[in-house]
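J.: this is a predicted model, with the sequence first.
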Amino acid sequence: MEQLTKMETAQRTRQLPAVKRSIWREIVKQKYAHVFVLTGMLIVLVFNYLPMFGVLMAFKDYSISSGIKGIFTSDWVGLKYFKEFVGAYNFKLIVTNTLAISLLKLFFTFPMPILLAIMFNEVRVHFFKRFAQTVSYFPHFISWIVVSGLLVIFLSSNSGIVNDFLKGLGLIDKPLPFLSSPNYFWGLAVTTAMWKEAGWWAIIFLAAISGLNPSLYDAAEMDGAGRLRRIWHITLPGIRGTIVVVLILAVGSLLGGGLVGSNFEQSYLLGNAMNNERSEILQTYAFKMGLAQGRYAYATAIDLMQSIIAIILVFGSNFLSKKITKNSLF
Amino acid sequence: MSKFFKSTSLIALAMTLMLTACSGGNSGSNGNKPVNTGNEKVDNGSGGEGAEQEIVELDLFVNMSWWPLKDWSGKVPEEITKKTGVKLNIQVAADDKQLPLLIASGDLPDLVYTATDLTRMADPEVSYPFGELINKYAPDFEISQERIGVNTMPDGNFYTVRNAFSTEQEWKDNPKAIPGANGMTLREDIMTELGNPKLDNLDDLLTIFASVKEKYPDMVPLVWDKDQIGQHLRINFGLKKSKGFVDIDGAARYYLKDENYLDYYLYMNRLYREGYMIAENFTFKDAQQDDQYVLNGQAFAHGSGVAETSNPQLEELGKPFKMKQVTKLLSDKAGIPMGGSGWAGMYITKNNKNPEAAIKFLQYMYSEEGQKLGLYGIEGEDWEWNEAEKYPVMNYDYNNTDIQKQNGVVWWGLIGSSGVNEALQRYSPDTQATQWGLAAREALEFNPALGLVSTEPDTEEQTIEAQIMNMVTTEEVKIYMANSEEEAKAAYEALLEKAESLGLAKLEEWATAKYKEYQKNF
């Protein structure tokens, strides 16, 4: 018995360098792939992890005149800036707007790419399918600054073609104040974000759909399942994993606008003194009251609060998804 | 396949390196600091071989994204370089967040010209105190005690001398000095059509708007420049804009507590309720949007319009109408509160590679000769001094932005100009803008001690003031857009209440103490 153990140990010692050698050989074999991975890791490290020490500012009496070293040398002030933000007269309004715009976007814009992907998948005319798909994802490449310029031209109360059109049809007497009334802002934010991004995200779901086994559809068709039945019983369950992963990602970036993002761009570019009570969100407030005035510590505190909420949302949605659908990100 | 991977990964690596290199270079001037050219020389005009001197290149960050001159070119900068031996490499700010970032990262260039973040720049860690450099390198550089006084910081040093400052006496001594007061223009053809109705007061203005509205229902009676909404009317009501304090019974009170502010708001509200101005004016993002209304003939009146600026453009577009300047004050309440200490200042940063050249350059720019060269151009060629009436007679259209850019004139003069020298430039006896300027001159109000009361960054007062200012931008619109006069009054009261809840009393207490302290110097 003892001899056997000794033999085994000897064998293992002989095997170890062999294993090491084979790992090294594997790495050499995949060297180009590893270069890609390392480059990616380097970028993440430099741009995502290294700047994180700046978070310290949120708890310090930091003045920009003290430069980068001031982040470490300035006095600690605890939660002073967090308290200042929570005590701001419009704190509730800002948080309400951020949450409302984000949730509305999640609610309305999340199902849209799925629907769109299913619709594209059902189109049998190949040319039309390609054309419609291109048209739907094209807006993704237009920057928000251009979109906001277009919106001003289209939706202006005085000279916008939308108001002219509605007036021409006799549907309205007075122009609708799309850009100047707070009541229109949330709707404007959701619909424009949906228009801009739904086609782009549909690509992911289309890819998932194309991975489904066509024989499932053939079998269902032979069993007499109609188009809707096939979508309900094959397509949707087939892409459930993708839906859950994308949903978790969307919830993680919920306060930035979720899947379609752009909360900041929309509020900054389409927000104005008139619709401020519906357009001011955490990010624009941090930008105006923090960055623009050189109060980096205050801006950091506001953004840090948002990040904490976002982390809670990711873990929360992942946990719920694991419980309910058995699918999760981690 | 292997080749493909090899080349792709090499490209990826190269891009990463470039990205890192770019981010380093963008962060300031350290990455590509220009060096003294050494072999480039200039004759400073004083004759003799020794007069030739090496050109010193300094980097200047102009913290105004709208600054029209993007480089140091044209005959005026060339002449300044001849006189000073300094050539500037210009970097104009992309936005108002860039300077704080440069301060925080320590990447400031040699010089910074700014009208904001002044107290952040006035920090011994960031900039050189002028006194120190003058003693060391330019003992003959003389600055008046008033100017030193208004620029001195709590640490006893002054880090800049701001332009646009002149004492009340200097204004009195220069009767042709025209303040840069926000004006208003009207459509000349429509006024003629309406029978040139009298325009002596603010009620007359309302009557004219009513006639325009009735006769031209599709026209916008009044459009404002997005950054100057209501400003011409504030002048007529004698009010401050956006920030500052007013003297009420000897105490410094927040500017919104001025007794005329409610009247101004109610007037603006009436303009909106009666359809004379549009809500969309508050949504303008582009500084040209109001100009477009005027140039397209969609607007009757232009808030902050200048006839001499609009009319050449209208002519170029072939429009059959012209704009006419309102050339008188429309109320006996009119007043233009003059700032206490000037507008923008040049700072010599601690990163400056040649502080001696920098302070000597500023010595020239602050001199009468330097100011006039920068503001007006070359004497005898671009302008001549009218000795009898004491103003420069320009040989070119100094309002023409193309000429300004071509010659590099007007703007660089602001580095060291006094308020009066800037104001004299505006005097041109035949223009409508001058007539308006002369009327506005009558409304100048001086209270330098009050003008000096200004909050310091990273202080409690500054936080309170910033929160109030942010609140006012939103709440003020509710007054303008109120559905009735009562509603407007209630919105004004609500605004003041909100300001109080944000700590206005504390701010005013601090401001009053400062005010009384400054009053001792005047």
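T.: Structure received. If you're wondering where the values come from, they're calculated on a predicted model, not measured in any experiment. Numbers count the residues shown, from 1 in each chain, chains lettered A, B, ... in the order given.
J.: as CSV, could you dump the C-alpha coordinates of stretch A:125-142?
T.: In CSV, the C-alpha atoms belonging to stretch A:125-142 read as follows (Å, rounded to 0.1, in the frame of the first residue of the first chain):
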residue,chain,number,x,y,z
VAL,A,125,-39.5,38.2,-48.7
HIS,A,126,-35.8,38.3,-48.3
PHE,A,127,-35.2,41.7,-49.9
PHE,A,128,-37.8,43.4,-47.8
LYS,A,129,-36.5,41.7,-44.6
ARG,A,130,-33.0,43.0,-45.3
PHE,A,131,-34.3,46.5,-46.2
ALA,A,132,-36.5,46.8,-43.2
GLN,A,133,-33.7,45.6,-40.9
THR,A,134,-31.2,48.1,-42.3
VAL,A,135,-33.8,50.9,-42.0
SER,A,136,-34.6,49.9,-38.4
TYR,A,137,-31.0,49.8,-37.1
PHE,A,138,-29.7,52.8,-39.1
PRO,A,139,-30.8,55.4,-36.5
HIS,A,140,-28.4,53.8,-34.0
PHE,A,141,-25.5,55.4,-35.9
ILE,A,142,-26.9,58.9,-35.7
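J.: now it: mean pLDDT?
T.: This predicted structure assigns stretch A:125-142 an average pLDDT of 92.
J.: roughly how far out does it sit from the chain middle?
T.: Between the mean C-alpha location of stretch A:125-142 and the chain-wide mean there is a distance of 22 Å, by CA atoms, centre = their mean, to the nearest Å.
J.: contact partners for the residue nearest the centre of chain B?
T.: Centre of chain B computed as the mean C-alpha position; nearest residue by CA atoms, centre = their mean is B:W343, 6.8 Å away. Counting by CB atoms under 8 Å, 6 or more residues apart in numbering or on different chains, B:W343 makes contact with B:115, B:162-165, B:414. C-beta here means a position set from N, CA and C on the backbone, and glycine is covered the same way.
J.: which element is the closest residue to A:G160 other than its chain neighbours on?
T.: Across the structure, with CB to CB, 6 or more residues apart in numbering or on different chains as the measure, the residue nearest A:G160 apart from its sequence neighbours is A:F154 (5.4 Å). Per DSSP states H and E, A:F154 falls inside helix A:144-155.
J.: touching chain B at all, the next helix or strand after that helix?
T.: Read in the C-terminal direction, the helix or strand following helix A:144-155 is helix A:161-168, with elements assigned using DSSP H and E. No - legend: contact between helix A:161-168 and chain B by CB under 8 Å from any CB of the partner chain is lacking; minimum distance shown is 10.8 Å.
J.: buried sites along the helix or strand that helix A:161-168 is followed by?
T.: Note on helix A:161-168: by DSSP H and E, the next helix or strand toward the C-terminus is helix A:182-210. Residues of helix A:182-210 classed as buried: A:182, A:184-186, A:188-190, A:192-194, A:196-206, A:208-209 (neighbour count, 16 or more other CB atoms under 10 Å in any protein chain shown).
J.: tell me how many other residues surround the residue in the stretch 151-300 of chain A that chain B sits nearest to.
T.: Nearest residue of the stretch 151-300 of chain A to chain B: A:G294, at 3.8 Å (CB to the nearest CB). Other residues near A:G294 come to 24 when the count uses other CB atoms under 10 Å in any protein chain shown.
J.: repeat for the one 5 residues further on
T.: Using other CB under 10 Å, the number of residues around A:A299 comes to 24.
J.: what do you get for B:A287?
T.: For B:A287, which is what you asked about, the neighbour count (other CB under 10 Å) is 12.
J.: output the set of residues of the stretch 401-522 of chain B in proximity to chain A.
T.: Contact residues (CB under 8 Å from any CB) of the stretch 401-522 of chain B with chain A: B:457-458, B:463, B:466-467, B:470-471, B:473-474, B:476-477, B:481, B:498, B:501-502.
J.: which two in these are spaced the farthest apart?
T.: Greatest spatial distance in these: B:D458 and B:M481, 34.9 Å, computed using CB to CB.
J.: could you pull out the helices in the stretch 351-500 of chain B for me?
T.: For the stretch 351-500 of chain B, the helices defined by DSSP state H, counting those that start in this stretch cover B:355-366, B:368-376, B:401-407, B:419-425, B:432-441, B:448-451, B:460-480, B:485-501.
J.: mean pLDDT lowest where, among those?
T.: Here the lowest mean pLDDT among the helices of the stretch 351-500 of chain B goes to helix B:448-451, at a mean of 87.
J.: still on that earlier bit, surely the residue of the stretch 151-300 of chain A closest to chain B and A:K288 touch.
T.: No - at 12.0 Å, A:G294 and A:K288 do not qualify as touching, with contact defined as CB atoms under 8 Å.
J.: B:M191 against B:V326, yeah?
T.: No - contact criterion CB under 8 Å: B:M191 and B:V326 do not qualify, at 10.3 Å.
J.: neighbour-wise, which of those two wins?
T.: More crowded of B:M191 and B:V326, by other CB under 10 Å: B:V326, with 21 against 18.
J.: how much space between that one and A:L255?
T.: Between B:V326 and A:L255 the distance is 49 Å, computed by CB to CB, to the nearest Å.
J.: number of nearby residues for residue 77?
T.: Here I'm looking at chain A. Burial measure for A:V77: 16 neighbouring residues, criterion other CB under 10 Å.
J.: I was thinking of chain B, sorry if that wasn't clear
T.: Taking other CB under 10 Å as the criterion, the count of residues near B:P77 is 22.
J.: what's the pLDDT at the nearest residue to it once chain neighbours are set aside?
T.: Distances taken as CB to CB, 6+ apart put B:G408 closest to B:P77, at 4.2 Å, once the chain neighbours are dropped. Reading off the per-residue confidence, B:G408 sits at a pLDDT of 95.
J.: ramachandran angles for B:G408?
T.: Backbone torsions for B:G408, taken as degrees, to the nearest 10, come to phi 60, psi 40.
J.: quick one: contacts for it?
T.: Taking CB under 8 Å, 6+ apart, we find B:G408 in contact with B:69, B:72-78.
J.: kindly report the same for B:Y113.
T.: When contacts are counted by CB under 8 Å, 6+ apart, B:Y113 is found next to B:60-64, B:344-347, B:415.
J.: that one in helix, strand or coil?
T.: Taking DSSP: H, G, I helix; E, B strand; the rest coil as the rule, one finds B:Y113 in the strand state.
J.: what pairs with it across the strands?
T.: Under the criterion DSSP bridges, B:Y113 forms beta bridges with B:V62, B:M346.
J.: and it, how far is that from B:K87?
T.: Between B:Y113 and B:K87 the distance is 15 Å, computed by CB to CB.
J.: any quick ChimeraX command for the buried ones out of the contacts of B:W343?
T.: A single ChimeraX command selects the buried members of the contacts of B:W343 (16+ other CB under 10 Å):
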select /B:162,163,164,165,414
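J.: tabulate the contacts of B:W343 (a markdown table), appending pLDDT.
T.: Rendered in a markdown table, the data for the contacts of B:W343 read as follows (pLDDT from 0 to 100):
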| residue | pLDDT |
| --- | --- |
| B:A115 | 94 |
| B:R162 | 95 |
| B:N163 | 95 |
| B:A164 | 92 |
| B:F165 | 92 |
| B:L414 | 96 |
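J.: point out where the chain drops to low pLDDT.
T.: Looking at chain A here, since you left the chain open. Residues of chain A meeting the criterion pLDDT under 70: A:1-19.
J.: wrong one, chain B
T.: Across chain B, residues meeting the criterion (pLDDT under 70) sit at B:1-53.
J.: tell me which parts of the stretch 251-400 of chain B are close to chain A?
T.: By the criterion of CB under 8 Å from any CB, the positions of the stretch 251-400 of chain B lying close to chain A are B:278-280, B:282-283, B:285, B:298.
J.: mind checking which of these are in strands?
T.: Among these, none falls in strands (DSSP state E).
J.: just the buried ones from those residues, in ChimeraX syntax?
T.: In ChimeraX, selecting the buried portion of those, with burial taken from 16+ other CB under 10 Å, looks like this:
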select /B:278,279,280,282,283,285
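J.: closest to B:G451 out of the residues of the stretch 251-400 of chain B next to chain A?
T.: Proximity of those to B:G451 was ranked by CB to CB; the top entry is B:F282 with 28.5 Å.
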